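# quick check, what structure comes out for this input:
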Amino acid sequence: MKLQAKFLGLILAAGLLGAVAVLALIQGSVHSIIIGGIEKSSVVLALASIHDLAAALASGRETDLLPVLQKLQREEGALYAAALDPDGRILAHTTVTEKGRIEDDAFTKAGLAAGEPRLRKDSLRGEPVLLITVPVWPPAADEEFLLSGPLRTGPKTRMGTLKLAVPLRAPEETETRILRDISLIVVLIGAIVCGLFVLLARGMLAPIHGLMAGIARIGRGQFDVKVPVLSRDELGELAESFNAMSGELARTTVSKEYVEGILENMDDMLVVTDPEGLIQTVNRAAAEALDGSEVVGRPLASIFDSPPKEEVVRDAEVVLRAKNGGRMPALYSSTVFRGRDGRLRGFIGVAKDITARKRSEEALLAAKLAAEASNRELETFSYSVAHDLRAPLRAVDGFSQLLLSEYAGRLDEAGKDYLTRVRQGSKRMGHLIDDLLNLSRITRTVLRPESVDLSALAASIGDELTRSEPGRKVELVIAPNVRAWGDANLLRVTLVNLLGNAWKYTSKHPAARVEFGTENRGGSTVYFVKDDGAGFDMSLSKRLFEPFTRLHAANEFEGTGIGLATVQRIVSRHGGRVWAESAVERGAAFYFTLWERKS
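Next up is the predicted model:
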């Protein structure tokens with residue numbers, strides 16, 4: 001909040017509080033004058049009638065009491081007047097029908113017990129009234145009559161109580177009207193006073209506004225600032241001092257700003273110490289990495305896990321203690337900082353974060369070891385498959401074919417069926433071995449990333465599938481201009497397996513739909529292949545990408561169970577992940593990402 005607003009707010013608050021206080025005092029005074037006057041005059045009139053009422057009470061006749069009460073009602077302007085015996089029973093009442101009723105409310109009971117007049121504001125049939133009770137005593141032996149209880153002495157017995165109800169609506173309306181008029185006057189006077197204070201405040205704050213504008217310009221880097229000197233008082237002296245300071249800043253801060261700009265925009269961490277090795281200054285990069293508010297004032301050695309043994313080093317590999325207890329590998333260089341006079345001023349250290357480089361080195365080493373181990377295993381496996389399995393399978397298939405072709409006449413139908421099954425089994429085994437070899441080659445293949453047109457690949461594969469079964473009715477939907485960065489051959493294998501599965505598992509439907517496209521999820525591109533075919537139970541999805549896993553019987557859909565494992569290997573090598581969503585007979589959707597960022 002600006003100073004002027006604060007000053008004006010203070011004035012308005014003070015004026016408001018003053019007005020409230022004045023109105024409160026006035027309200028109390030007006031209330032005391034009007035309502036208090038009514039109370040006093042009513043009690044006085046009531047006491048003046050006590051003599052006549054005592055005489056009437058002595059007779060005990062209503063005909064004696066009623067004229068006294070009616071006279072008092074007229075003089076007071078009361079709503080009613082009543083005479084009560086010591087037990088609260090109404091002996092006479094200006095409303096005749098009330099005679100004989102016992103007044104048992106709390107106020108009346110208190111009045112029957114009190115030795116002096118009592119008053120209370122109340123409401124009667126929705127109208128504000130002043131209730132009054134006055135005790136009536138018999139005359140003393142040595143006086144004509146005694147008015148009230150506190151002056152009474154001796155064992156005299158109370159004769160009864162006078163009760164009045166005086167209306168208050170007219171006095172209260174008068175009080176309200178007077179207070180309203182006074183409030184308007186006070187508000188008007190307050191507004192005039194506040195306006196005068198506002199004008200005075202503006203005049204007083206004008207020099208301060210000039211200083212504030214000058215300070216703001218200096219904050220924006222405009223150092224040669226002059227503010228007007230509007231007076232010869234303390235504010236004028238402050239303006240002159242400010243002008244002198246801004247001139248000095250303009251002469252001395254250009255080179256400092258230039259140097260500080262360079263240091264603050266360095267990517268490397270800069271630390272400056274005093275001669276004792278206590279950190280005095282850090283740049284932005286160091287403050288962000290090391291928590292600058294914590295390291296300033298601490299020994300330089302405290303930022304290292306193991307500090308360099310020499311004060312001056314060059315490109316030493318160190319581990320820094322980063323924010324939140326973390327550790328940061330860095331290259332550290334330091335030098336001595338001396339002043340123009342040659343005296344030691346401290347030390348300057350520069351550290352370069354090499355976390356990414358270390359991670360890359362570790363990842364490369366781990367990948368190299370894993371690749372070497374995998375290659376050795378795959379080479380052994382490939383050799384075994386090629387030389388130990390394929391040759392026997394070819395022999396089985398070949399001899400079975402010879403038996404069928406040359407000895408068919410000697411075999412019955414059952415024998416021919418058995419040989420046919422043997423050949424089919426050997427062929428399935430051959431396909432399985434081929435798939436396994438392909439899977440091993442995928443793991444060994446060196447990635448050659450490039451920009452790949454996945455839409456064109458999908459269209460080509462779709463054409464091949466359509467030509468393989470021209471009689472099928474399949475709507476093939478391929479999103480245009482879908483590109484990805486990866487190995488073209490491996491990405492083709494991925495789409496061949498996914499689109500081939502979609503084609504296969506929709507074969508039981510007379511009309512089918514297969515779609516390839518992309519979605520955006522969390523800022524990442526997700527590729528998908530969807531179909532409306534047989535689907536599968538999602539409770540089995542954890543096994544979906546394991547080799548040799550089949551979720552459908554062989555007599556329903558053919559296959560070896562290697563295709564999705566191959567897809568998973570390829571996607572993993574491209575830094576992505578693959579997953580599926582499906583329901584039985586409601587189709588399946590396979591999603592995969594490439595080069596996904598790891599959190």
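# my guess is Ile50 meets Val136, correct?
Yes. With contacts counted by C-beta atoms under 8 Å, Ile50 reaches Val136, the gap being 5.8 Å. Yep, even glycine has a C-beta here, placed from its N, CA and C like the rest.
# mind listing the shared neighbours of the two?
By C-beta atoms under 8 Å, 6 or more residues apart in numbering, Ile50 and Val136 have these common neighbours: Leu162.
# how is the closest residue in space to Val584 that isn't next to it in sequence assigned, secondary-structure-wise?
Using C-beta to C-beta, 6 or more residues apart in numbering and skipping residues adjacent in sequence, the residue nearest Val584 is Gly535, 5.1 Å away. With DSSP: H, G, I helix; E, B strand; the rest coil as the basis, Gly535 sits in coil.
# hmm, Ile26 is touching Asp181, no?
No. Under the criterion of C-beta under 8 Å, Ile26 is not in contact with Asp181, lying 10.5 Å apart.
# look at those two and report which has more neighbours.
For the pair Ile26 and Asp181, the greater number of neighbours falls to Ile26 (16 against 10), based on other C-beta atoms under 10 Å.
# so where's the longest helix in this protein?
What stands out as the longest helix in the chain, according to DSSP state H, is helix 169-219.
# now do that helix: distance to the chain's middle.
Relative to its chain's centre, helix 169-219 lies at 40 Å (C-alpha atoms, centre = their mean, to the nearest Å).
# strands of the stretch 401-550 of the chain, start to end?
With strands called from DSSP state E, counting those that start in this stretch, the stretch 401-550 of the chain shows them at 449-453, 473-478, 483-487, 511-521, 524-531.
# actually, the stretch 1-150 of the chain.
Along the stretch 1-150 of the chain, counting by DSSP E, counting those that start in this stretch, strands occupy 80-84, 90-93, 118-124, 127-136.
# tell me which of these sits most buried.
Compared across these, strand 80-84 shows the largest average neighbour count, a mean of 24 (mean count of other C-beta atoms under 10 Å).
# point out where the stretch 251-400 of the chain drops to low pLDDT.
Residue ranges of the stretch 251-400 of the chain with pLDDT under 70: 251-259, 291-293, 375-376, 378-391, 393.
# can you tell me which residues contact the closest residue to Arg586 other than its chain neighbours?
Nearest non-adjacent residue to Arg586, counting by C-beta to C-beta, 6+ apart: Gly535, 5.1 Å away. Listed by C-beta under 8 Å, 6+ apart, the contact set of Gly535 reads Tyr505, Ser582, Ala583, Val584, Glu585, Arg586, Gly587, Ala588.
# how about CSV for these, with pLDDT, neighbour count and distance to Leu404 added?
Below are the contacts of Gly535 laid out as CSV (pLDDT from 0 to 100; neighbours: other C-beta atoms under 10 Å; distance: C-beta to C-beta, whole Å):
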residue, pLDDT, neighbour count, distance to Leu404
Tyr505, 89, 25, 33
Ser582, 91, 23, 41
Ala583, 90, 11, 44
Val584, 88, 12, 40
Glu585, 87, 12, 40
Arg586, 90, 11, 44
Gly587, 91, 23, 41
Ala588, 92, 26, 39
